[in-house]
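Novice: build me a structure from this.
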Amino acid sequence: MSYRLAACAEMLYTDLPIAERVRRIHERGFLVEIWDWGTKDLAALAATGAEFSSMTGYLRGDLTTAEGRAALLATAGESLRAAEVIDAPRLNLHGTGLGEGGLPVVPGARVSGADWVHAADTLRRVADLGAAAGRTFVLENLNTAVDHPGTPFARAADTLALVRGVDHPNLRLNLDLYHAQIGEGNLVELVREALPWIGEIQIADVPGRCEPGTGEIRYEAVARVLREVGYDGVIGMEAWASGDADAALDAFAAAFPVALAP
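Specialist: Modelled structure (predicted):
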């Protein structure tokens, strides 16, 4: 078994309509990631014939407040029904809803012990929804230094602790190595520690959040370790193209050698 590669349609071919972006990525042999499904014609995306890797798993809410938890659970249910249209197997979550510019709708980087208890309970209930629908929710780590200041439960250490604590087969990590490099570093050991809990891996280079080879991360070394430990999940490039989108996908495929779909 080997890992599979996906690419984010929100960040590539950005001069094209979203359905055409999805089609282009699919024609290159990659799985496709999308974000907010509520703004999209999902039937049109399904008609492209693309295979999807993941999509956003909620529209509103957070993990800790009474109102936010109710909203997250309700829109997670809506997201599961939307996922059926494009057959997205994984639905992505964050510590709280993200608004304009990636800023948290309910900021609060410092969390209390009660917040941890509420977050774990919310995630357990979300995972139960996923189990009933045959899909998996993945909790993504973020960085607070550059992209998402003020987001609670942002560090990879936090998301890993929550997923471990809930210990539910329908809740896994979306381990974003771009965010982890900015926030924590030590990516190889992070991958080794988190491996049993990983549902998907996302990548981009640092700084700039572009394709591999444009920054400081030696993704070839990360790829080698993933092969050594037998990772057979999805690796998604959630990155901007530094220039041509096709060239960015070429660089991604070169950093993570694997046979792409025809």
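
Novice: the helices in the stretch 101-250 of the chain, which residues?
Specialist: Counting by DSSP state H, counting those that start in this stretch, the stretch 101-250 of the chain has helices at residues 113-133, 156-166, 177-183, 187-194, 219-229, 245-255.

Novice: and the fourth one, what's buried?
Specialist: Buried residues in helix 187-194, defined by neighbour count with 16 or more other Cβ atoms under 10 Å: Leu187, Val188, Leu190, Val191, Ala194. All C-beta atoms are positioned from the backbone trio N, CA, C, and that covers glycine.

Novice: farthest-apart pair in the residues you listed, please.
Specialist: Of all pairs drawn from the buried residues of helix 187-194, the one with the longest distance (Cβ to Cβ) is Val188 and Ala194, at 11.1 Å.

Novice: returning to what we had before: return the closest of the buried residues of helix 187-194 with respect to Cys210.
Specialist: Using Cβ to Cβ, the buried residues of helix 187-194 come closest to Cys210 at Leu187, 17.0 Å.

Novice: hmm, the closest one is touching Val222, no?
Specialist: Yes - under the criterion of Cβ atoms under 8 Å, Leu187 makes contact with Val222 at 5.9 Å.

Novice: next up, the contacts around the closest residue to Ile203 other than its chain neighbours.
Specialist: Leaving aside its chain neighbours, Ile203 sits nearest to Leu177 (5.1 Å; criterion: Cβ to Cβ, 6 or more residues apart in numbering). By Cβ atoms under 8 Å, 6 or more residues apart in numbering, Leu177 lies in contact with Leu187, Leu190, Val191, Ile201, Gln202, Ile203, Ala204, Ile217, Val222.

Novice: present these as a markdown table; the columns should include distance to Ala83 and pLDDT.
Specialist: A markdown table is the format used below for these (distance: Cβ to Cβ, whole Å; pLDDT from 0 to 100):
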| residue | distance to Ala83 | pLDDT |
| --- | --- | --- |
| Leu187 | 29 | 97 |
| Leu190 | 28 | 97 |
| Val191 | 27 | 97 |
| Ile201 | 20 | 98 |
| Gln202 | 18 | 98 |
| Ile203 | 23 | 98 |
| Ala204 | 24 | 98 |
| Ile217 | 30 | 98 |
| Val222 | 28 | 95 |
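
Novice: ok, back up a step: give me whichever of the helices of the stretch 101-250 of the chain is most buried.
Specialist: Sort the helices of the stretch 101-250 of the chain by mean neighbour count, taking mean count of other Cβ atoms under 10 Å, and helix 177-183 sits at the top with a mean of 24.

Novice: and that one, how far from the chain's centre?
Specialist: Computed by Cα atoms, centre = their mean, to the nearest Å, the chain-centroid distance of helix 177-183 equals 13 Å.

Novice: do the same with stretch 58-73
Specialist: 19 Å.

Novice: please apply the same query to stretch 167-182.
Specialist: Centroid displacement of stretch 167-182 relative to its chain, using Cα atoms, centre = their mean, is 7 Å.
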